[in-house]
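Undergrad: Sequence first, then the predicted structure, then my questions.
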Amino acid sequence: MEQGIFSRSRLILTGLGALLVSAVISSIAGIYLGSVREVLALIPGLMVLLPSIIHIRGSIAGVFASRLSSAMHLGEFSIDFEEGSVLGDNIRASFVITILIALVIGIFSYAASRIFDSPVISVTDLVLISVVTGIVAGAVVTAITLLIALASYRYGLDLDMIGAPTVTTSGDIITLPILVLSATFVMLLSPAMRLVLGGITVAIAVAAVIYTLHRPEGIGPIVRENLFLLIPLSVLGTLAGLTYSFSLDALVAIAVFLILIPPFTGCLGSIGGILGSRLSTGMHTGELNPSFLPERGVVHHFIISYLYTLILLPLLALIAHGAAVLMGLNSPGLGMLVIISLAAGLVVMTLVNGVAYVTASLSFRYGLDPDNFGIPVITSLIDLIGAAALVTAIGLLL
């Protein structure tokens with residue numbers, strides 16, 4: 001009994017430690033976002049693209065980590081990069097998914113901006129920015145995920161508890177500056193050069209599709225399942241970007257909220273990622289059942305998610321307020337910032353708990369891999385409802 005309590009406490013503390021590191025690092029991404037607010041205003045459509053390209057990047061890496069974690073728990077993992085191996089196939093699949101989904105996100109962001117009459121640059125420019133960002137950031141984040149997975153395997157750590165927080169945070173802090181640099185680089189090119197690079201981008205995407213079609217086993221199912229989910233989820237991220245874009249003037253005026261956005265959505269995504277990974281692993285190993293009503297073990301995971309939320313969000317508000325003061329940016333005050341972040345965060349986490357369980361249960365029950373569905377659904381949902389909850393809380397409480 002005591003050993004079980006100790007093991008459970010150790011697991012919770014491991015997750016909390018990873019989340020605290022995630023909170024601090026993602027706050028750096030927020031501070032960076034606050035510092036480049038002029039770029040967001042000068043390149044129309046970039047704010048619409050931002051949530052999708054950042055958090056889908058974290059979703060792809062999160063799925064990668066979750067699949068490797070399940071393979072470790074099932075005894076199927078080995079350090080083998082050859083085609084046909086768990087590790088090798090997942091790395092190749094992640095690269096293909098990154099290229100294709102970045103192309104889709106660019107198109108969606110342009111289309112949504114035009115439909116809702118929001119200012120936007122050309123479709124070629126936006127797609128090019130999205131794909132360049134996706135490829136460069138994807139290579140870096142995948143390498144980080146791989147190192148974490150190998151370290152977990154080597155030292156016997158639970159990848160479920162450290163994978164999601166680390167890779168989703170890496171997606172935030174790495175993708176954001178790469179996005180800004182890619183956007184600046186692309187917009188400085190001549191129109192003819194942008195058109196040529198746009199054509200090369202389409203050719204790369206076509207090559208990725210052909211490669212996948214010639215790999216019906218191993219890589220093929222991973223790519224198909226992920227794209228089947230990530231493409232519609234990109235719509236949620238795009239709508240989140242539109243939500244921020246419509247409030248961009250207010251966010252720039254009270255710039256502390258620009259600082260808060262990446263750690264707010266990133267940390268809630270990390271908490272949801274831990275939940276999704278634990279539910280997926282529990283169903284794979286038979287410890288949890290995909291029943292209609294959550295059983296006691298699932299409720300235990302829900303409570304831990306709320307605990308993490310109550311601990312982390314005030315910390316994020318404190319960091320954002322302190323950074324705003326040091327940078328000379330406007331803030332409604334620490335107390336109000338804590339209230340706004342907690343109010344929005346608890347609403348988001350309540351919805352995430354329900355969605356995480358339904359997603360894991362339904363995917364497992366219908367013979368799909370919950371590792372492919374949990375983290376992408378959760379992080380994309382947090383993009384949209386996090387944006388809506390945060391903007392609503394700001395409007396109601398200020």
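TA: Sure, I can see it.
Undergrad: low-confidence ranges in the stretch 101-250 of the chain?
TA: Along the stretch 101-250 of the chain, segments meeting pLDDT under 70 span 157-165, 168-169, 172, 215-216, 218.
Undergrad: Tell me where it has helices.
TA: 123-155, 159-188, 191-213, 219-246, 248-253 (DSSP state H, counting those that start in this stretch).
Undergrad: Please compute how far the third one lies from its chain's middle.
TA: By that I understand helix 191-213. Put simply, helix 191-213 sits 25 Å off its chain's centre (C-alpha atoms, centre = their mean, to the nearest Å).
Undergrad: could you list every residue that touches the residue most central in space within the chain?
TA: Central residue of the chain (C-alpha atoms, centre = their mean): H55, 3.0 Å from the mean position. By C-beta atoms under 8 Å, 6 or more residues apart in numbering, H55 lies in contact with T168, G171, D172, G237, T265, G269, T379, S380, I382, D383. For every residue, glycine as well, the C-beta is placed using N, CA and C.
Undergrad: Let's see that with 6 Å instead.
TA: T379, D383 (C-beta atoms under 6 Å, 6 or more residues apart in numbering).
Undergrad: Can you tell me the element the nearest residue to G266 once chain neighbours are set aside falls in?
TA: Once flanking residues are discounted, G266 sits nearest to S26: 3.9 Å by C-beta to C-beta, 6 or more residues apart in numbering. In this structure, S26 sits in helix 2-35 according to DSSP states H and E.
Undergrad: swap in V348?
TA: Short version: V348 belongs to helix 334-365, going by DSSP H and E.
Undergrad: So for that helix, what gets flagged as buried?
TA: 334, 337-345, 347-349, 351-353, 355-357, 359-361, 363-364 (16 or more other C-beta atoms under 10 Å).
Undergrad: just to revisit the earlier point, could you report the distance from the residue nearest to G266 to V141?
TA: Distance of S26 to V141, computed by C-beta to C-beta, to the nearest Å: 13 Å.
Undergrad: cool, G333 as well?
TA: On the measure of C-beta to C-beta, G333 and V141 end up 35 Å apart.
Undergrad: which one of those two has more residues nearby?
TA: Neighbour comparison, G333 and V141: the larger count goes to V141, with 29 against 10 (by other C-beta atoms under 10 Å).
Undergrad: how close does that one sit to S190?
TA: In terms of C-beta to C-beta, V141 sits 30 Å off from S190.
Undergrad: helices and strands around the helix holding S26, which ones?
TA: Packed against helix 2-35 by the contact rule (3 or more C-beta pairs under 6 Å, 6 or more residues apart in numbering; DSSP states H and E) you find helix 159-188, helix 256-285, helix 296-327.
Undergrad: Those helices into a markdown table, with extra columns for mean neighbour count and distance to L49?
TA: A markdown table is the format used below for the helices and strands packed on helix 2-35 (neighbours: other C-beta atoms under 10 Å; distance: least, C-beta to C-beta, whole Å):
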| stretch | mean neighbour count | distance to L49 |
| --- | --- | --- |
| helix 159-188 | 24 | 7 |
| helix 256-285 | 28 | 14 |
| helix 296-327 | 18 | 23 |
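Undergrad: Using CSV, lay out those helices together with distance to E225.
TA: Formatted as CSV, the helices and strands packed on helix 2-35 follow (distance: least, C-beta to C-beta, whole Å):
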stretch, distance to E225
helix 159-188, 18
helix 256-285, 13
helix 296-327, 23
